[in-house]
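# Sequence unavailable; structure follows:
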């Protein structure tokens, strides 16, 4: 699978929040995905930057999410998941329930 923005969001939609059992895209936790290029010995390679948040700043699953994201993106062509994925956590703006898709809100009873 090529590392396009659409394919990256598709992969990220398979990352399920272990506590809420809803994917991180539907939860509204993924703020932005950008694809850049980095020069390596083998030539230019894609570099993925994911800007995301967590439901709370003290979320104990912060490290778990990184592992889950890297695992789901490992199917992308030409990507070394441990080197070519930059996962940046931010809390600005803070996550709010209205960032979820209507389907996710309905599933969680909001």
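That came in fine, so what should we check first? A quick note: this is a predicted structure, and the numbers were derived from the prediction, not measured.
# Can you show me the helices along the protein?
Using DSSP state H, the helices assigned to the chain run over residues 5-12, 62-73, 81-84, 102-107.
# Might you calculate how far the third one sits from the centre of the chain?
The reference is to helix 81-84. 14 Å (Cα atoms, centre = their mean, to the nearest Å).
# who does it touch, helix- and strand-wise?
Helices and strands touching helix 81-84, as assessed by 3 or more Cβ pairs under 8 Å, 6 or more residues apart in numbering; DSSP states H and E, comprise strand 43-52, helix 62-73. C-beta coordinates here come from the backbone N, C-alpha and C atoms, glycine included.
# Identify whichever of these lies nearest to residue 12.
helix 62-73 (6.5 Å; Cβ to Cβ).
# ok, and what's touching the closest one?
Applying Cβ atoms under 8 Å, 6 or more residues apart in numbering, the contact partners of helix 62-73 are 8, 11-12, 14-16, 18, 24, 48, 50, 52, 54, 79, 81-82, 85, 87, 89.
# List buried residues within these.
Listed as buried from these are 8, 11-12, 15, 24, 48, 50, 52, 54, 79, 81, 85; burial here means 16 or more other Cβ atoms under 10 Å.
# give the contact list for the residue lying closest to residue 75 once chain neighbours are set aside.
When the adjacent residues along the chain are set aside, residue 75 lies closest to residue 1, with 5.4 Å between them (Cβ to Cβ, 6 or more residues apart in numbering). For residue 1, the residues meeting the contact criterion (Cβ under 8 Å, 6+ apart) are 7, 11, 75-77.
# again with residue 27
Under the criterion of Cβ under 8 Å, 6+ apart, the contact partners of residue 27 comprise 17, 20, 55, 95, 99-100, 104.
# where does residue 39 land on pLDDT?
Looking at residue 39, its pLDDT reads 88.
# Help me confirm that residue 33 comes into contact with residue 46.
No - look at residue 33 against residue 46 with Cβ atoms under 8 Å: they stay out of range, at 11.6 Å.
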